[in-house]
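Peer 1: just coords:
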Ligand SMILES: Cc1cc2nc3c(=O)[nH]c(=O)nc-3n(C[C@H](O)[C@H](O)[C@H](O)COP(=O)(O)O)c2cc1C
């Protein structure tokens, strides 16, 4: 209701500015927002999620807005992507609305305040949702040395995250997606796996690891990646990041902007990759589905296709924050009548 009033104002200004203003307002006034999360508990990756609806990475890159976002009803929030050192990202403008397609193109380029800042924001924060921290590599780090950035980030966030997501699928850091190729992925997962064992031993604490993939993977890559995920004991797959494809939006004047496409135009691809991976992985490794989910019906389809959790981003921009409770309410009424409305 409130969002339908402010949306025209927000859509009248630059998308990144609108994003910053909305988040600042949400954070400033979070105490005025009634805490009405709808619980639908689920256990995934060994973690207890209050409900299976999460915020996708990239909206709160530095964990600056957790109090406000925590009021919207999410069962989990993934902050980041964060890199070892702070970096400014690409020059603005770098986010574009394709409103008639309910989609966005972004080329943010991992603008963030660095992992130390994020860890400080997160530590000691009271929260009642699962927290994922999504890590990436700095632009200045050559792709063949990416492992050192991921290891640095992994170690730094180890004690602060409930799960750690490795992002090798942003289209806005040159060469990053090459890390999804078999040899590169093998050495990345082996290197992180080694560090993980050391950290588990040192802290006597297990942290689930999720890998976030691109929707632009070849179908032949799916079984190869699935084998590597099993071999290296990855705990979840996040499918998907944004696409470089412009299928379905070519008629839009902004479709030629460089960057990753998200929202409704990504929906088909995201569903497809979920199905492809689910047929390879079955129940072995849980899949977090993301990409073009903007209704309870679409979230249900993802669960039917095998997802264990879903994440939202672009749908929130077009439908507003009420989308979170709309999805959880529908999920909880479908399969049980024991949910608690807090
Ligand atoms: C402006 C913007 C910034 C994003 N930044 C990140 C990021 O830093 N790390 C990441 O893993 N994904 C990032 N994403 C991708 C989203 O997490 C999500 O995977 C993608 O947008 C598809 O979901 P959607 O269609 O619901 O938006 C970003 C997306 C957008 C629109």
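Peer 2: Structure's in. What do you need? All figures in this text were calculated on a predicted structure; none of them were measured in a lab. Numbers count the residues shown, from 1 in each chain.
Peer 1: any idea how far the ligand is from residue 254?
Peer 2: For residue 254, the distance to the ligand equals 14 Å [C-beta to the nearest ligand atom, to the nearest Å]. Yep, even glycine has a C-beta here, placed from its N, CA and C like the rest.
Peer 1: Kindly tell me how buried the residue nearest to that residue when sequence neighbours are not counted is, as a neighbour count.
Peer 2: The shortest distance from residue 254 to any non-neighbouring residue, by C-beta to C-beta, 6 or more residues apart in numbering, is to residue 96 (4.6 Å). Neighbour count of residue 96, defined by other C-beta atoms under 10 Å: 21.
Peer 1: Residue 51 too?
Peer 2: 26.
Peer 1: Surely it is in a helix?
Peer 2: No. Counting by DSSP: H, G, I helix; E, B strand; the rest coil, residue 51 falls outside a helix, being coil.
Peer 1: Contacts only, for the nearest residue to it once chain neighbours are set aside.
Peer 2: Spatial nearest neighbour of residue 51, chain neighbours left out: residue 75 (3.6 Å); criterion: C-beta to C-beta, 6+ apart. Neighbouring residues of residue 75 by C-beta atoms under 8 Å, 6 or more residues apart in numbering: 37, 39-40, 42, 49-54, 129-130, 309, 328.
Peer 1: how close does the closest residue to residue 143 other than its chain neighbours get to the ligand?
Peer 2: Leaving aside its sequence neighbours, residue 143 sits nearest to residue 175 (C-beta to C-beta, 6+ apart; 3.8 Å). Plainly put, residue 175 is 16 Å away from the ligand if you go by C-beta to the nearest ligand atom.
Peer 1: Residue 175 and residue 192: what is the separation?
Peer 2: Separation of residue 175 from residue 192 (C-beta to C-beta, to the nearest Å): 18 Å.
Peer 1: distance of the residue nearest to residue 143 from residue 231?
Peer 2: Distance, residue 175 to residue 231, using C-beta to C-beta: 24 Å.
Peer 1: likewise residue 182?
Peer 2: 11 Å.
Peer 1: Kindly write the PyMOL command that selects the buried subset of the contacts of residue 75.
Peer 2: Command for PyMOL that selects the buried part of the contacts of residue 75, burial taken from 16 or more other C-beta atoms under 10 Å:
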select buried, resi 37+39+40+42+49+50+51+52+53+54+129+130+309+328
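Peer 1: farthest-separated two in the contacts of residue 75?
Peer 2: In terms of C-beta to C-beta, the contacts of residue 75 reach their longest pairwise distance at 37 and 309, which sit 15.2 Å apart.
Peer 1: sorry, back to before: export the contacts of residue 75 to TSV and tack on distance to the ligand and pLDDT?
Peer 2: Converted to TSV, these look like this (distance: C-beta to the nearest ligand atom, whole Å; pLDDT from 0 to 100):
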residue	distance to the ligand	pLDDT
37	20	92
39	22	95
40	20	97
42	20	98
49	18	98
50	20	98
51	17	98
52	15	98
53	12	98
54	10	98
129	16	97
130	16	98
309	13	98
328	16	97
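Peer 1: In terms of pLDDT, where does the residue nearest to residue 51 sit?
Peer 2: The model reports residue 75 with a pLDDT of 98.
Peer 1: quick one, phi/psi of it?
Peer 2: With angles defined as degrees, to the nearest 10, residue 75 sits at phi -80, psi -20.
Peer 1: next one: residue 216
Peer 2: Dihedral pair for residue 216: phi -100, psi 10, per degrees, to the nearest 10.
Peer 1: quick one: contacts for it?
Peer 2: Neighbouring residues of residue 216 by C-beta under 8 Å, 6+ apart: 171, 177, 243, 244, 245, 269.
Peer 1: Now compare those and name the two farthest from each other.
Peer 2: 177 and 269 (14.5 Å).
Peer 1: of these two, who's got more company?
Peer 2: A count of neighbours by other C-beta under 10 Å puts residue 269 above the other of residue 177 and residue 269, at 23 against 20.
Peer 1: in terms of contact, does that one touch residue 243 like I think?
Peer 2: Yes. If you go by C-beta atoms under 8 Å, residue 269 and residue 243 touch, sitting 5.7 Å apart.
Peer 1: Name the residues contacting each of those two.
Peer 2: Common neighbours of residue 269 and residue 243 (criterion: C-beta under 8 Å, 6+ apart): 215, 216.
Peer 1: What ranges does the stretch 101-250 of the chain have for its helices?
Peer 2: 115-122, 146-157, 182-203, 221-231 (DSSP state H, counting those that start in this stretch).
Peer 1: can you pull the buried residues of the shortest one?
Peer 2: Using 16+ other C-beta under 10 Å as the burial criterion, the residues of helix 115-122 that qualify are 115, 118, 119, 121, 122.
Peer 1: Closest one to the ligand out of these, please.
Peer 2: residue 118 (11.7 Å; C-beta to the nearest ligand atom).
Peer 1: what about residue 240, how many neighbours?
Peer 2: Residues lying near residue 240 (other C-beta under 10 Å) number 28.
Peer 1: and residue 36, what pLDDT?
Peer 2: Here, the pLDDT recorded for residue 36 equals 81.
Peer 1: In this structure it contacts residue 73, no?
Peer 2: Yes. Counting by C-beta under 8 Å, residue 73 is a contact partner of residue 36 at 6.5 Å.
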